[in-house]
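>>> model the following, please.
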Amino acid sequence: MWKRILSWFVLGFLVLSGAACSLSDLAARLSTPVPTETMASQEPVIVVLTPTPLSPGISSRADVEEELVIDIYARVSPAVVCITAPDEFGTCIGSGFIIDTEGHVVTNNHVATAAPSLLAKLADDRTVPAEVVGTDAGSDLAVIQIDVPAEELTPVQLGESSTLRVGQRAIAIGNPFGLERTVTTGVISSLGRTLLQEDSSFRIAEMIQTDAAINPGNSGGPLLDSQGRVIGINTAIQSLTGVSSGIGFAVPVDIIKRVVPELIANGRYRHPWLGVTGQTITQEMVEAMDLPVETGVLVFSVEPDSPAERAALRGGVRDVFVSGRPMLAGGDIVIAINATIVKDFDDMINYLASRTSVGDVVTLTIVRDGAETTIELTLEERPGNR
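Below is the predicted model of the structure:
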């Protein structure tokens, strides 16, 4: 037992000795003067974070990108007007852009017809009366005119839309929600879209799709390329909320060039017309109807007293169901216009709108009873100026 007590005593002595050494060492350290630089490091320090620098090449390109948009805005925004009405208290109901020194302003038809009388607010904050010169619901284009001295006008430069490519820069200027001369940027998302009108069975052709933000009030404003030239007129958006969802549509400038001179000269535009209804061929249709081709437009019906009827184009003769939908089978299949391939109904609409006029004779390549043949017909004016 005494041996055990002696062992505990020795162990306790060693522990206390160690603790004493540790405390002595700590005291010595605390009594040692701290170097000045160490004391200074204990003061609050404000650290300025420096972002990782861009490489010289990237930084230069970024500067060029900014300057390009800045320059385009400075040059083009004076041509953009806020279209309003006397009872709107200066609120923009849409946009427009000056195209010549005679005071002609291009806008959308749905903007020009939104009020009985119109005013145009210019970039210098003057508000002047605007007279409607011509309107066309079929392309949603209109021309209004303002009485302003030529030297005080800054017309836009019109570009081309036939050479546009998906991915190309798109710059929009307009008056969204009444916020005058707002610029947004994006790219061309797609080309050759068609847009169904609310009050018509006809579609607006050759639409440019863009992700540049377009909102209510942008309608009628210019869509520009990287040179600041007009490539389209901002017209509509596809949205579940009524505001930009990144899918906007613009009437291409090549259509503007076709329609606007007629609106200025005659107040209206005559759209070429075939007079058929039909459906783009799908694989389900090929299988259900045993069609001899896999692409083209199957004619369902031929309008009475139309160019198609005069050319003896044939519509469907029997009812069938394709994926649960009723259709007419047995009609002619249009596969080309003037040797230009027609893969779907949009191809036909776009060709007629961009490359033909009323009175033109066109050659349709069709498949009838399994055999390929051609039919000539003379295009007439679309009824009702729709």
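
>>> give me the domain ranges for this structure.
Following automatic domain parsing, one gets these domains for the chain: 60-152, 169-266, 272-385.

>>> okay, now the unreliable bits of the stretch 101-250 of the chain?
240 (pLDDT under 70).

>>> so who does Y351 touch?
If you count contacts by CB atoms under 8 Å, 6 or more residues apart in numbering, Y351 has them with 337-338, 340, 342. Quick note: C-beta positions are derived from backbone N, CA and C, even for glycine.

>>> in the helix or strand containing it, what's buried?
Per DSSP states H and E: Y351 is located in helix 345-355. For helix 345-355, burial by neighbour count (16 or more other CB atoms under 10 Å) applies to 345-354.

>>> now do the helices in the chain.
Under the criterion DSSP state H, the chain contains helices at 2-31, 36-40, 56-76, 109-112, 253-266, 283-289, 307-310, 345-355.

>>> L364 against T374, yeah?
Yes - between L364 and T374 there is a contact under CB atoms under 8 Å: 6.7 Å.

>>> who's more crowded, these two?
L364 (24 against 10; other CB atoms under 10 Å).

>>> run through the bridge partners of that one.
L364 has these beta-bridge partners by DSSP bridges: I337, I375.

>>> who touches it in this structure?
311, 313, 334, 336-337, 374-377.

>>> kindly recompute the last result at 10 Å.
Residues near L364 by CB atoms under 10 Å, 6 or more residues apart in numbering: 274, 276, 297, 299, 308, 311, 313, 332, 334-338, 342, 348, 373-377.

>>> which residue packs closest to G220, ignoring adjacent ones?
Residue nearest to G220 in three dimensions, not counting chain neighbours: T107, with 3.5 Å by CB to CB, 6 or more residues apart in numbering.

>>> what ranges does the stretch 151-300 of the chain have for its strands?
With DSSP state E, counting those that start in this stretch as the criterion, the stretch 151-300 of the chain has strands at 169-174, 182-196, 203-210, 222-224, 230-237, 248-252, 272-273, 276-280, 297-302.

>>> nearest to A137, of those?
Smallest distance to A137 across the strands of the stretch 151-300 of the chain (CB to CB): 9.3 Å, for strand 203-210.

>>> name the helices or strands packed onto that closest one?
In terms of contacts (3 or more CB pairs under 10 Å, 6 or more residues apart in numbering; DSSP states H and E), strand 203-210 is packed against strand 169-174, strand 182-196, strand 230-237, strand 248-252, helix 253-266, helix 345-355.

>>> just the CA atoms of the fifth one, as CSV, please.
Put plainly, it is helix 253-266. In CSV, the C-alpha atoms belonging to helix 253-266 read as follows (Å, rounded to 0.1, in the frame of the first residue of the first chain):
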residue,chain,number,x,y,z
VAL,A,253,-36.6,45.8,-93.3
ASP,A,254,-36.9,44.2,-96.8
ILE,A,255,-40.7,43.9,-96.2
ILE,A,256,-40.6,47.6,-95.0
LYS,A,257,-39.0,48.5,-98.3
ARG,A,258,-41.7,46.8,-100.2
VAL,A,259,-44.7,48.1,-98.3
VAL,A,260,-43.8,51.6,-97.1
PRO,A,261,-43.4,53.2,-100.6
GLU,A,262,-46.9,51.9,-101.5
LEU,A,263,-48.3,53.3,-98.2
ILE,A,264,-46.8,56.7,-99.0
ALA,A,265,-48.0,56.7,-102.6
ASN,A,266,-51.4,55.0,-102.2
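
>>> helices or strands next to it in the packing?
Counting by 3+ CB pairs under 10 Å, 6+ apart, helix 253-266 packs on strand 104-107, strand 127-136, strand 141-146, strand 203-210, strand 222-224, strand 230-237, strand 248-252, helix 345-355.

>>> ok, now with 7 Å
Applying 3 or more CB pairs under 7 Å, 6 or more residues apart in numbering; DSSP states H and E, one finds that helix 253-266 contacts strand 104-107, strand 127-136, strand 141-146, strand 230-237, helix 345-355.

>>> figure out which of the ones you listed is closest to E160.
E160 sits nearest to strand 230-237 of all the helices and strands packed on helix 253-266, at 7.4 Å, using CB to CB.

>>> state the number of residues packed around the residue lying closest to G221 once chain neighbours are set aside.
In space, and not counting its chain neighbours, G221 is closest to G174: 2.9 Å by CB to CB, 6+ apart. A count of nearby residues for G174, using other CB under 10 Å, gives 32.

>>> swap in R165?
R165 has 8 nearby residues by other CB under 10 Å.

>>> enumerate every residue touching it.
With contacts defined as CB atoms under 7 Å, 6 or more residues apart in numbering, R165 has no neighbours.

>>> quickly note the distance from it to I247.
18 Å (CB to CB, to the nearest Å).

>>> same question, G296
28 Å.

>>> more neighbours: which of the two?
The neighbour count for G296 versus I247, taken as other CB under 10 Å, is higher for G296 (26 against 16).
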